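Participant: What follows is a predicted protein model with its sequence.
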Amino acid sequence: MKRAVWIVALIIAGCATGTRHPVSGPPLKYVTESEARTLLDDLRLDLEAVSLAQVGGHALEPRVADGQLVAELSAPALFEQGNAQVRAEALKALAEIGEDIGARGGCVTHVIAFAAADADPDLAERRAASIADDFAHHAIAPARLRFEARVDDKRAERIAIVLKPVIIGREAPAWMPPAMDE
């Protein structure tokens, strides 16, 4: 009887948190080729539901291509000019993104901040690190996070979140820096 009471209490406590996914991410798992496609499609649907209204947008527009999922965000919507600290308004959206990614598992998350050729690439790298740190605090295991800065005039002031599945027998490519389409 006591066990049933505890189970009911845990269910009620879990429902009262208000998050869409568990707070802590699952351990890194490997997926088959067919599971990887399903995983990326599920993540795409999860991320499309994230509202960016507080940072001046409507929703993410993630796309799956070349075996990876890519979602891009505007750096000015997430950061003040010349600053690498995430704006308070952007914290909720980033938490939702991190929780969605962490709840599924099976991927390595790459955060890439882009800078123009005449801009400060160090600022872009600090911004990517800031987002990766925020994700680590919201359900994505640090072992599944990579971040970097790239110089690209076409994508300057953009942040790309790239998810690469860890496929059984081909684990290493998931940790390699992603190729970005032009």
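Facilitator: Here it is on my side, so go on.

Participant: can you give me the strands in this structure?
Facilitator: Secondary structure of the chain by DSSP state E: the strands cover 63-65, 68-74, 107-115, 145-151, 158-165.

Participant: Number of residues surrounding the residue nearest to L73 when sequence neighbours are not counted?
Facilitator: Closest residue to L73 apart from its sequence neighbours, by CB to CB, 6 or more residues apart in numbering: I159 at 4.6 Å. From N, CA and C alone the C-beta is placed, and that goes for glycine too. For I159, the neighbour count with other CB atoms under 10 Å is 24.

Participant: Just list whatever residues bridge to I159.
Facilitator: Counting by DSSP bridges, I159 forms beta bridges with L73, A113.

Participant: ok, now which ones touch it?
Facilitator: 72-75, 78, 111-114, 127-128, 131 (CB atoms under 8 Å, 6 or more residues apart in numbering).

Participant: how far away is it from G106?
Facilitator: For I159, the distance to G106 equals 22 Å [CB to CB, to the nearest Å].

Participant: what does R146 give?
Facilitator: Noted for R146: a distance of 15 Å to G106, by CB to CB.

Participant: Having no further points to raise, I will conclude here.
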